[in-house]
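Novice: Okay, structure incoming, though there's no sequence with it:
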């Protein structure tokens with residue numbers, strides 16, 4: 001059974017940093033596309049960053065240069081390093097997995113429960 005469990009959310013001041021983690025289990029982690037999404041109540045879910053099974057990354061324009069997605073295949077962990085945080089980054093952040101695939105196509109099969117990030121000005 002595939003499970004994704006996020007951690008690392010919390011509160012930060014604008015300009016600060018947080019690091020999110022997603023622990024994955026139940027599948028061959030290295031052959032999946034992994035991604036981070038976020039959602040604010042009343043708004044559509046937004047893709048934040050994704051990483052292909054070969055390590056290629058992509059980012060939403062709103063986080064480019066500030067956020068970094070990475071993964072550790074040996075530990076089955078996905079990370080999102082968030083620097084220079086802004087109040088508009090406040091949201092529930094979700095880890096998602098698609099696969100098995102080589103490249104991300106947007107068809108995410110599995111989702112975590114989310115971790116809240118709150119950035120104050």
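Specialist: On my side now, so go ahead. Quick caveat: nothing in here was measured; it's all calculated off a predicted structure. Numbering: from 1, shown residues only.
Novice: Span of stretch 97-117 from start to end?
Specialist: End-to-end distance for stretch 97-117: 20 Å, by Cα to Cα, to the nearest Å.
Novice: contacts for that stretch?
Specialist: Residues external to stretch 97-117 that are found in contact with it (Cβ atoms under 8 Å, 6 or more residues apart in numbering): 2, 4-10, 12, 18, 20, 22, 24, 27-28, 31-35, 38-39, 50-54, 56, 58, 82, 85, 89-96. For the C-beta atoms, the positions are set from N, CA and C on the backbone; glycine is no exception.
Novice: Just the buried positions in it, please.
Specialist: 97-99, 104, 108, 110-112, 114-115, 117 (16 or more other Cβ atoms under 10 Å).
Novice: Please work out the average pLDDT along stretch 90-110.
Specialist: Mean pLDDT, stretch 90-110: 92.
Novice: want to throw the buried residues of stretch 97-117 into a markdown table with distance to residue 78 and secondary structure?
Specialist: Formatted as a markdown table, these follow (distance: Cβ to Cβ, whole Å; DSSP: H, G, I helix; E, B strand; the rest coil):
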| residue | distance to residue 78 | secondary structure |
| --- | --- | --- |
| 97 | 8 | strand |
| 98 | 12 | strand |
| 99 | 13 | coil |
| 104 | 13 | coil |
| 108 | 13 | coil |
| 110 | 12 | strand |
| 111 | 13 | strand |
| 112 | 9 | coil |
| 114 | 14 | coil |
| 115 | 12 | strand |
| 117 | 15 | strand |
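Novice: Of those, which pair is most distant in space?
Specialist: The span of the buried residues of stretch 97-117, defined through Cβ to Cβ, is set by 99 and 117 at 25.5 Å.
Novice: Of the contacts of stretch 97-117, keep whichever come out buried.
Specialist: Taking 16+ other Cβ under 10 Å as the criterion, what is buried in these is 4, 6, 8-9, 12, 18, 20, 22, 24, 27, 32-35, 38, 50-53, 82, 85, 89-96.
Novice: Let me know how buried residue 21 is, in neighbour terms.
Specialist: Here the number of neighbours of residue 21 (other Cβ atoms under 10 Å) works out to 17.
Novice: No more questions from me, cheers.
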